[in-house]
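Chemist: Need the 3D shape of this:
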Amino acid sequence: MVLVVAFFAMGFGVDPGDSIEWALDQNEPDPFCNTEGAGDTDIRFALTQTSYVVLDIWDVGMTGVVRGLVPAGWYDAGLHSVRWTGKGDDGAILPEGTYPYVLVVTDSSDQVAFTDTLFAHIACAIAMRGTRWSAIKALYR
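Modeler: You can find the predicted model right below:
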């Protein structure tokens, strides 16, 4: 089953009427500053059917999960969005760096249907100097 959606208006970069299977979008804004009151970032993903989803933030060295973004479980087809505050599961503010986020989607037959990895960038020093976000984002694209 292929879901025909209009994610373009929601920032997914998919034109109305395009067919997609599954998708993981770049977090927005990126980079972001995770100090208290400075801002968060949103991560979106799309599912074509009810699927079992795991979405985790990994440490900079990809040696372990620092934050489970959504409770692992079954999610309905459609667009999903989760906000990340730049904190780990223990509530501590993570240091500046590049954090991979990994989406693994399993279908009803327990087969991995989709997996993708993108990177979120915490860069408070750059953000606090007043550099324009568009110029900063261009460095990471």
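
Chemist: mind listing what's buried in stretch 112-126?
Modeler: A113, F114, F119, A120, H121, I122, A123, C124, I126 (16 or more other C-beta atoms under 10 Å). C-beta here means a position set from N, CA and C on the backbone, and glycine is covered the same way.

Chemist: out of the residues you listed, who's nearest H80?
Modeler: F114 (13.2 Å; C-beta to C-beta).

Chemist: residues in contact with that closest one?
Modeler: Residues counted as contacts of F114 (C-beta atoms under 8 Å, 6 or more residues apart in numbering) are E21, W22, L103, V104, V105.

Chemist: let's see 10 Å
Modeler: 21-24, 45-48, 51, 53, 103-107 (C-beta atoms under 10 Å, 6 or more residues apart in numbering).

Chemist: what's the spacing between the helix or strand that it is a member of and its chain's center?
Modeler: Element membership of F114 [criterion: DSSP states H and E] is strand 112-122. Distance, stretch centre to chain centre, for strand 112-122: 7 Å (C-alpha atoms, centre = their mean, to the nearest Å).

Chemist: Grab the CA positions of that strand and hand them over as PDB.
Modeler: Output of strand 112-122 as PDB, limited to C-alpha atoms (Å, rounded to 0.1, in the frame of the first residue of the first chain):
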ATOM      1  CA  VAL A 112      12.200  -4.100   8.900                       C
ATOM      2  CA  ALA A 113      10.400  -2.000   6.300                       C
ATOM      3  CA  PHE A 114      12.400   1.200   6.500                       C
ATOM      4  CA  THR A 115      15.400   2.600   8.300                       C
ATOM      5  CA  ASP A 116      17.100   6.000   8.000                       C
ATOM      6  CA  THR A 117      19.600   8.100   9.900                       C
ATOM      7  CA  LEU A 118      19.900  11.900   9.900                       C
ATOM      8  CA  PHE A 119      21.900  14.300  12.100                       C
ATOM      9  CA  ALA A 120      20.800  17.000  14.500                       C
ATOM     10  CA  HIS A 121      23.300  19.700  15.300                       C
ATOM     11  CA  ILE A 122      23.500  21.500  18.700                       C
END
